[in-house]
Structure formats: C-alpha cells, structure tokens
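Engineer: Following is a predicted model, sequence given first.
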Amino acid sequence: MAEALKNFYNRESLSPIADDIARVYPSFDAEGFLEAVLSDPWDDLELKARSRRISESLREFLPADYPSAIAVIDQVVMNDGTWLDGFGFFFPTFVELFGVSEEYWEVSVGALERYTPYASSEFAVRPFIVLDQERMMAQMLAWAGHEDEHVRRLASEGCRPQLPWAPALAAFKKDPSPIVPILERLKADPSPHVRTSVGNNLNDISKTHPELVLEIAQQWHGADERTDWIVKHGCRTLLKRGNRLALGLFGWVAVDCVEVRDLGVEPPRVPLGGVAVFSFIVEAKVTAKVRLEYAVDYVKFNGIRHRKQFKIAELSLAAGHKRYYERRLSFVDISTRKHYPGIHTITLVVNGIENQSVNLELIEYCSTPRYVTLFPDNRKPIAPPAPDTVSEQ
C-alpha cells in the first residue's frame, strides 16, 4: 500500500525548509518552529490539518507584519521553488489563513500566482472568490492567459463549484455563468493538466446545470481534438446517468443493439476483504457504437445501498460480432469506500440503459476456497482472478 501523503510531512522533510527560512530570515527559530509543528496531536492529524498546523506555526515564527512574512516566504520559494515539487501546500494555506482581506489583496493574490507552480493554490484562492467574486474572477480570467500552465490550471481548478476536499462555492452551484468565460479561454489549451481541469469543472457544473453543459458541449464538440476530449471528460456524469443528449453527442444512440448472455459471478458469496469475478458475453444485434458500463449497488453501514458506476469499454460492433468480458471486484476496504455485509447487485449498462443484473452476497466469513472454478465447463482455477480481461469470439 502506498505511503499516506500526510506522512511526507515530518521532521526530516520539514527541517530543510526551516533551515532555508532561517537563512533568509535569521531571526527565525527553526528548532522552535519544528517543535511547534510536531507537538501533540500531530500524529492524529490528516493531510490538510497538518498543512494548516505548519502554516499556523509559520505565522508564529515569521514577522508579525503579514506583507513582511510573505516577503520572507517569497525569498524561499522563488530562490529555488523546484524543491517543493507539490510539497509546500502550507505556503498557499498561509495566504488562505492570514491574507484574505481587501487590505492585503494585491500581496496575497500575487503570492498565490507565484506559489502555484510549486504547490497548487486551488484551495487557497476560493476564499478570495467568496470575498469579492467579481474582482477575483476577473483576475482568474487574466490567469487563463498566463504563460505558465500551472497558473492557467489555477484559473479553472480554483473556481470549480464542487472541488474535492474544499467547501463548495454555493454561488457557482446556483449560477455557474461567471465560470464560462474562463473555460472558453482554456478549451483548447496545450497542457493536458489544464484540459483535465476544464473537463472537471464542466463535470461539476453538470451536476447542477446539465442543460448548460450540454449547450456548451454541442457548441464545442468537433472543433478540435483537444476540446473534444474536454467535452467528453466534462460530460462523464451525464453519460453515467444515461442522459440521451450526451450519449447521442458521441454516437451511443442505439438502445437495443446487443444481446447479453451468460452473465454470472463467482463466487456468489464473498467474505469481507475478498474478491469476486463477474463475466458475460455481448453479441451485436445490429452494427452500432456501444458504451458498456457496470454498476455496483454497495451496501452501506445503515443497510441502504449506494450505486457506483464504472466504464468497461467503448467500441464499435458489427452485427453478429461477439465479445467476452471479465471483471474482478475487490471488497478490500479503501480510503474512499468501506464494505459491509449484504446483497450487492451488479448491473450491466449498455448505452445508458440498464440491461441484466446479478447478485452476490458479501458476508462476514466464507468457507469458499481462495481458488474457485469460474464456470462449470471451465475446470481451470483462477488464483486469484486475473486483471480485467476482454477477448473476442
């Protein structure tokens, strides 16, 4: 399992930063700063809380005058900011915590622009949007034309209505129109990081204003291959929800184009932490473009089921053509999903329309062997199931 990001914030990684600050600001108590950061309950803090603790400790040991403190940070970051490599989120957080005011506007916003190439300012910029939306969005529109791709990405990512790990921007959930000029300016950006952000922003908007995103998608689609990728990425929630206009934009219009056969899952009862494999065959009734997905209705702690949907493939099938698919489902707990006993349903979705379903039961304990036979006519065991498989017949 990968090391948790929060654990990269430790004495070993923070000591060089403290030393760099002390070199440009001799009054900085490097050891006192480290002790303040790492004091209890440091071990219990998650990533964002650790970043906040570091920023608050910087405030204690840097000059009391905010612009002077920013001047010190500038010298550290701009001297050789490459060493930060996405590590120094606490510098934008410092601005977010102590610089959101009309008095410090120019100092703070300028700092966020300088810091974001080394540690994204996407979270720190949002309180400025809340403080003065018109002024900040004008600044972000200007950033959308910046020569640095990280600053251009900040223009889009920072104003996402529902940015993960950040409070939602309620004003943009209600009316996202101020975001559109920024997205227009970035819709064919040469940077894949920027294009991904634009698609994510559109996807956020689609959850509250699907008609606006569909209108934009219809205007943009077909103009440029970069823009086409953004449109598809931005419509992914609409596609998962089976929106017929979104599906039609990409040619997935047929609703009864394939026959699904032999849908099954093994084993039918799976212990918590175990693995199951489901498989099926699709045969095209007519020549058509096909988008295959599967949905899993997971049981939550309160017994209510919650659906998650995943893409299997997007392909063109000629009439009579067959394909065999196999997918593995892991019921090992992850940071974003905890599993609970109960009946889980796997449903195939073809061009946005639910097709066949099969149930499996997740249980506390199961005596089923780790090595299971996948089908009655296939005596070769799998040990454990192979990665996702597809084959033609």
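Structural biologist: Here it is on my side, so go on.
Engineer: can you give me the strands in the stretch 251-393 of the chain?
Structural biologist: Using DSSP state E, counting those that start in this stretch, the strands of the stretch 251-393 of the chain run over 258-266, 269-271, 275-284, 288-299, 305-317, 322-330, 342-350, 353-363, 372-375, 378-382, 389-392.
Engineer: Out of the ones you listed, flag the one nearest residue 5.
Structural biologist: strand 322-330 (21.8 Å; Cβ to Cβ). All C-beta atoms are positioned from the backbone trio N, CA, C, and that covers glycine.
Engineer: Please convert the strands of the stretch 251-393 of the chain to JSON lines, extending it with distance to residue 25.
Structural biologist: Shown next, in JSON lines, are the strands of the stretch 251-393 of the chain (distance: least, Cβ to Cβ, whole Å):
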{"stretch": "strand 258-266", "distance to residue 25": "62"}
{"stretch": "strand 269-271", "distance to residue 25": "57"}
{"stretch": "strand 275-284", "distance to residue 25": "54"}
{"stretch": "strand 288-299", "distance to residue 25": "51"}
{"stretch": "strand 305-317", "distance to residue 25": "49"}
{"stretch": "strand 322-330", "distance to residue 25": "50"}
{"stretch": "strand 342-350", "distance to residue 25": "57"}
{"stretch": "strand 353-363", "distance to residue 25": "56"}
{"stretch": "strand 372-375", "distance to residue 25": "63"}
{"stretch": "strand 378-382", "distance to residue 25": "61"}
{"stretch": "strand 389-392", "distance to residue 25": "58"}
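Engineer: helix, strand or coil for residue 67?
Structural biologist: Classification of residue 67 by DSSP: H, G, I helix; E, B strand; the rest coil places it in helix.
Engineer: pretty sure it is touching residue 107, no?
Structural biologist: Yes - with contacts counted by Cβ atoms under 8 Å, residue 67 reaches residue 107, the gap being 5.1 Å.
Engineer: more crowded one of the two?
Structural biologist: residue 107 (17 against 14; other Cβ atoms under 10 Å).
Engineer: so the more buried one makes contact with residue 69?
Structural biologist: No - the criterion here is Cβ under 8 Å, and residue 107 misses it with residue 69 at 9.9 Å.
Engineer: Any buried residues in stretch 119-137, and which?
Structural biologist: For stretch 119-137, a neighbour-count test (16 or more other Cβ atoms under 10 Å) marks 119-129, 136-137 as buried.
Engineer: Restricting the selection to alpha carbons, write that stretch to PDB.
Structural biologist: Output in PDB follows, covering the C-alpha atoms of stretch 119-137 (Å, rounded to 0.1, in the frame of the first residue of the first chain):
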ATOM      1  CA  ALA A 119       2.300  23.800  -4.800                       C
ATOM      2  CA  SER A 120      -1.200  24.400  -6.200                       C
ATOM      3  CA  SER A 121      -3.200  27.400  -4.800                       C
ATOM      4  CA  GLU A 122      -6.500  25.900  -5.900                       C
ATOM      5  CA  PHE A 123      -7.800  25.700  -2.300                       C
ATOM      6  CA  ALA A 124      -6.400  29.000  -1.100                       C
ATOM      7  CA  VAL A 125      -7.900  31.000  -3.900                       C
ATOM      8  CA  ARG A 126     -11.500  30.100  -3.100                       C
ATOM      9  CA  PRO A 127     -12.000  32.400   0.000                       C
ATOM     10  CA  PHE A 128     -11.000  35.300  -2.300                       C
ATOM     11  CA  ILE A 129     -13.800  34.400  -4.700                       C
ATOM     12  CA  VAL A 130     -16.200  34.500  -1.700                       C
ATOM     13  CA  LEU A 131     -14.800  37.800  -0.500                       C
ATOM     14  CA  ASP A 132     -15.100  39.600  -3.900                       C
ATOM     15  CA  GLN A 133     -16.300  37.300  -6.700                       C
ATOM     16  CA  GLU A 134     -16.200  39.900  -9.500                       C
ATOM     17  CA  ARG A 135     -12.700  41.000  -8.700                       C
ATOM     18  CA  MET A 136     -11.300  37.600  -8.200                       C
ATOM     19  CA  MET A 137     -12.900  36.100 -11.300                       C
END
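Engineer: if I pick the residue nearest to residue 25 when sequence neighbours are not counted, what's in contact with it?
Structural biologist: If the residues on either side of it in the chain are set aside, residue 25 comes closest to residue 72, at 4.6 Å by Cβ to Cβ, 6 or more residues apart in numbering. Contact partners of residue 72, counting by Cβ atoms under 8 Å, 6 or more residues apart in numbering, are 21, 24-25, 28, 62-63.
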